[in-house]
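Colleague: no sequence for this one, just the structure:
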């Protein structure tokens, strides 16, 4: 049985990285884990829904364009489910000119690829304390 010490920092909430590109997914996972966070990954929206229910992340970093279930469909289904609707989502996309589409998804933020590491880590820190 583990012992809790007075003044010990509470466990941080995990991060869920959702991207169909394995290299991007793994790079983001490694960068975020290097900062001391637990990271789960998913390669499409369907896997992401399963992970959100299982892991209860502090934040979802969501790619917009993926085969199968894309980011917009994931977000629509997430918002319809009261158990997971409140999990914050940050949309990550390389596409330009999508401000209206992204706004409809009601994310807490939108990061453009290539992602600035400082911006990524700042948004993770705000939601995964």
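Modeller: Yes, it's here. Just so it is clear, the structure is predicted and the values come from calculations on it, not from any experiment.

Colleague: Isn't residue 91 up against residue 62?
Modeller: Yes. Taking Cβ atoms under 8 Å as the definition, residue 91 is a contact partner of residue 62 at 5.5 Å. Placement of C-beta: from N, CA and C, glycine included.

Colleague: Just list the residues touching the spatially most central residue of the chain, thanks.
Modeller: By Cα atoms, centre = their mean, the chain has its centre lying nearest to residue 60, at 1.8 Å. The contact partners of residue 60, taken as Cβ atoms under 8 Å, 6 or more residues apart in numbering, are 15, 16, 18, 48, 52, 87, 88, 89, 90.

Colleague: swap the cut-off to 10 Å and go again
Modeller: Residues near residue 60 by Cβ atoms under 10 Å, 6 or more residues apart in numbering: 15-18, 40, 42, 48, 51-52, 71, 74-75, 78, 84, 87-92, 107-108, 127.

Colleague: swap in residue 26?
Modeller: 17, 19, 39, 41.

Colleague: can you check residue 81 too?
Modeller: Residues in contact with residue 81 (Cβ under 10 Å, 6+ apart) are 49, 52, 53, 87.

Colleague: what about the first one, how many residues close to it?
Modeller: The number of residues packed around residue 49, counting by other Cβ atoms under 10 Å, is 19.
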